[in-house]
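Novice: How does the following fold in three dimensions:
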Amino acid sequence: QVQLVESGGGLVQAGGSLRLSCLASGRTFSVLAWFRQAPGKDRDFVAGITWSTGRTYYADSVKGRFTISRDSAKNTVYLQLNNLKPEDTAVYSCAAKPNLVLSMTAGRFDYWGQGTQVTVSS
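Specialist: Residues are numbered from 1 along each chain as shown. Here you go, the predicted structure:
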């Protein structure tokens, strides 16, 4: 059974930091990514990483503030969120796809976690 389980969300003040984790199990994936969705808005791509080489790619809005990484031994992908802003408030979800094609489109990802809430206060 394929599972993606996120953790690490919470409430933080503007300028603060959080680290999100996504534990993947059930099969191997080629690309894992983080998306976020704020109330009343579309789901947006945040960052992605290739499992084999660790190549990363980011949305322009988070470059320089967020860092995606993976720990192969723990089957876990991380998203380090620094210098958080109120507009970063959203449900952050982990997504995975088995083929090695980089994508920022939610519909290209086959597997999803349940999401974790990040709230940034001003």
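
Novice: Can you pull the phi and psi angles for residue 73?
Specialist: phi -60, psi -30 (degrees, to the nearest 10).

Novice: confidence score at it?
Specialist: Residue 73 carries a pLDDT score of 93 in this model.

Novice: ok now do residue 91, which residues does it touch?
Specialist: Counting by C-beta atoms under 8 Å, 6 or more residues apart in numbering, residue 91 makes contact with 36, 37, 38, 115, 116, 117, 118. C-beta here means a position set from N, CA and C on the backbone, and glycine is covered the same way.

Novice: try 6 Å this time
Specialist: Going by C-beta atoms under 6 Å, 6 or more residues apart in numbering, residue 91 touches 37, 115, 117.

Novice: most distant residue from the middle of the protein?
Specialist: residue 122 (22.5 Å; C-alpha atoms, centre = their mean).

Novice: Which residue, neighbours along the chain excluded, lies closest to it?
Specialist: residue 86 (4.8 Å; C-beta to C-beta, 6 or more residues apart in numbering).

Novice: which stretches of the protein form strands?
Specialist: Here the chain has its strands, by DSSP state E, at 3-7, 10-13, 18-25, 31-37, 43-50, 56-58, 66-71, 76-81, 90-97, 111-112, 116-121.

Novice: Out of those strands, which gets nearest to residue 105?
Specialist: strand 43-50 (7.4 Å; C-beta to C-beta).

Novice: What residues does the closest residue to residue 111 other than its chain neighbours make contact with?
Specialist: In space, residue 111 comes closest to residue 96 once its chain neighbours are excluded; the distance is 4.5 Å by C-beta to C-beta, 6+ apart. Each residue near residue 96 by C-beta under 6 Å, 6+ apart is listed here: 29, 32, 111.

Novice: Tell me what residue 96 is bridged to.
Specialist: Per DSSP bridges, the residues bridged to residue 96 are residue 32, residue 111.
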